[in-house]
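Novice: got a structure for you, letters missing:
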DNA sequence: CATGAATGAGGGTTCATTCAT
DNA sequence: TATGAATGAACCCTCATTCAT
């Protein structure tokens, strides 16, 4: 196993264990063992357990952001673009259930320093922020306070992924898919 | 301090510390100390730290449910009744910020056994479930799958309280208050 | 329940629990509970857990000594008298299995202060000491060092009771009964 | 100090402390400290205090068995062979007083799981079992039930070692030595 | 860079004992 | 005398982290 493979194995294992047992209930020794490396090796790649958590969080956030950005559609039709974004985002969650659960659990947990969590949330929500501002300009979206709308979007997204992760086959059903987007869109529309 | 006072002091202190530091980062010794009792006393009232957590969770859930139930309005106008419920629920969150934050942090955390969390969520969401079914019968609400709508309601509620706890004076502002309800209602309405 | 009843209930319960779980693994709270009294009550009757143990040990030793003394036969035939003593002693062990096991466990354990244990052993072995001296005078018993013979007697007694407590119906069998005594007597005889 | 040295130091220290203070009265911290290692180190070598006790018990039992086996004499003269065995066994006890006391204290104590104790006793007593059967075949030994005889042998051995450990110089005295064996042998002989 | 034995502070929990009622 | 809640020292054990190999 190469250097980077080991680092990646540690991140993957940490993800699995943090999600299933929680951060504090997962020992660094168990991460190393399950990743197939020695205890000490973990500390060559991450200066501390907290640092491992932080890198894991930021890595996953970046993966998500990259996945979304890579597929953004900009056809000029706001509703269509938003629907596309909604589908891409939920597709990602369903394709990466562990990572999505990780967000559900840790995006408001004190196991990750507040500053890091908030910066990450801002980065991600800025996507939506721009779409919302644009929609408000054209009158398609309601003129509510921006950060309230962002928070609401985030909440709807978490709710929808919670639902579809619990009922994965429902995401194949057009009615459910459409319903989830309708709720999201109608909440914001003018 | 009487027997029940001590138990209550322990619950209150645990709430504060669990929210600010997290469950695992809070030692039973620190809870006892800050509650003004001896270490051993905690274990007279709660057989373990996990049991304390569980009781705290269930107590707060019950308090919330009782507060809502006590003020339910049933005037026959669904939208008005729902708006009233929305306000009562957010009022409670703002009046009990620690307890609300506690829910934000722990309602998806492995620090509380899954069965307990889910039972509590079901109890609370059954409120909304009934309102939704009623609205679907009269045609006022959209005919989306019930549990998807419940999850969405829950998500919107968490998002709104997150926003208003971060900006407490905004809840005094009619525009914000109205906006938050509009998003909630429009998401569901037919 | 009267005062003495409670004290006796505590001693009885302590006996049962000390034998089945060991001294340190038995909490004073569990003794009190199973005896049907409050925690504090134990400390009205015994100044400490160690004191309870000491009184239990001395009480049982006295019961044993009294039972033996009450049935001593002094017919002038040393072997017959000794056989009678042997049978009485083993009868007592079989009639009081918990107390016998208590001795097996605690007569060499640091849970009871050395001085107390040794005094008790001396008291009990002095029975045998007299019989042995008498037999040596008449030439019926071998002229081995007295305390070595006493220790051997004690060892044989513990071994025999261990055997018959493990196989209680064997004590009804004449052959086994006779065999156990033969080993005891032949070891000492001239 | 090497890895195995540390494990051995822990076993040695545990032996000393368990014998002098008892199992429960000896803290793992005190064992580690007196062995010259850190608290945690004890738990690298033994998964729990109970496991340490178990390994200690089995190790000592094995040492005893090995010491005896290494010196067994098989000259065909049963009495001579048995006398040799008796001397070797008591020599071992006198050369290893702590280990012998450990057996006296713990071979009937609930501090060691019953299954382990019994297995160990069976292993050790099987020596004697074979000798006895052989003697019964040739008519040199009495035809008593085997397990009763084994129990008796064990009892005599414990009694003799108790005596000689309390009076160590007596083991140099031919008369005492001979007396102890005579009692042992006469108990069993036909 | 990789290893895993060693560390020791700190955690949850127990329990003999006390004392106000 | 009887009670049982309260006490807090002491216990067993865990674990993030270090470092000699």
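Specialist: Perfect, I can see it now. Being a predicted model, the structure only gives us computed values, none of them experimental.

Novice: is it true that residue A:157 touches residue A:87?
Specialist: No - when contacts are counted by C-beta atoms under 8 Å, residue A:157 is not listed as touching residue A:87 (11.8 Å). C-beta coordinates here come from the backbone N, C-alpha and C atoms, glycine included.

Novice: So between those two, which is more surrounded?
Specialist: More crowded of residue A:157 and residue A:87, by other C-beta atoms under 10 Å in any protein chain shown: residue A:157, with 23 against 15.

Novice: Identify each of the helices in chain A and give its residue range.
Specialist: A:3-21, A:28-35, A:39-45, A:49-71, A:78-95, A:97-106, A:114-138, A:146-166, A:174-188 (DSSP state H).

Novice: Who are the contact partners of the residue nearest to residue A:110 when sequence neighbours are not counted?
Specialist: Nearest residue to residue A:110 in three dimensions, chain neighbours excluded: residue B:22, at 4.0 Å (C-beta to C-beta, 6 or more residues apart in numbering or on different chains). Going by C-beta atoms under 8 Å, 6 or more residues apart in numbering or on different chains, residue B:22 touches A:24, A:109-111, B:105.

Novice: Need the pLDDT of the closest residue to residue A:104 other than its chain neighbours.
Specialist: Distances taken as C-beta to C-beta, 6+ apart place residue B:108 nearest to residue A:104, at 5.3 Å, with adjacent residues excluded. Note for residue B:108: predicted pLDDT of 87.

Novice: Now do the helix or strand bottoming out on mean pLDDT in chain A against helix A:97-106: the angle between them, please.
Specialist: Each helix and strand of chain A was given a mean pLDDT (mean pLDDT, DSSP states H and E); the minimum falls on helix A:114-138 at a mean of 89. On the basis of axes from the mean of the first three to the mean of the last three C-alpha atoms, to 10 degrees, helix A:114-138 is oriented at 100 degrees to helix A:97-106.

Novice: my read: residue A:159 touches residue B:152, true?
Specialist: Yes - using C-beta under 8 Å, residue A:159 is in contact with residue B:152, at 4.9 Å.

Novice: and among the helices of chain A, the most buried is which?
Specialist: Most buried of the helices of chain A, by mean neighbour count (mean count of other C-beta atoms under 10 Å in any protein chain shown): helix A:146-166, with a mean of 22.

Novice: about what we covered before: how near is the residue nearest to residue A:110 to residue B:47?
Specialist: 22 Å (C-beta to C-beta, to the nearest Å).

Novice: which residues touch stretch A:125-137?
Specialist: A:65, A:68, A:78, A:81-82, A:85, A:141-143, A:146, A:149-150, A:153-154, A:188.

Novice: Need the nearest residue in space to residue A:188, chain neighbours excluded.
Specialist: residue A:141 (5.1 Å).

Novice: tell me the contacts of the residue nearest to residue A:34 when sequence neighbours are not counted?
Specialist: Using C-beta to C-beta, 6+ apart and skipping residues adjacent in sequence, the residue nearest residue A:34 is residue A:13, 4.8 Å away. Applying C-beta under 8 Å, 6+ apart, we find residue A:13 in contact with A:31, A:34-35.
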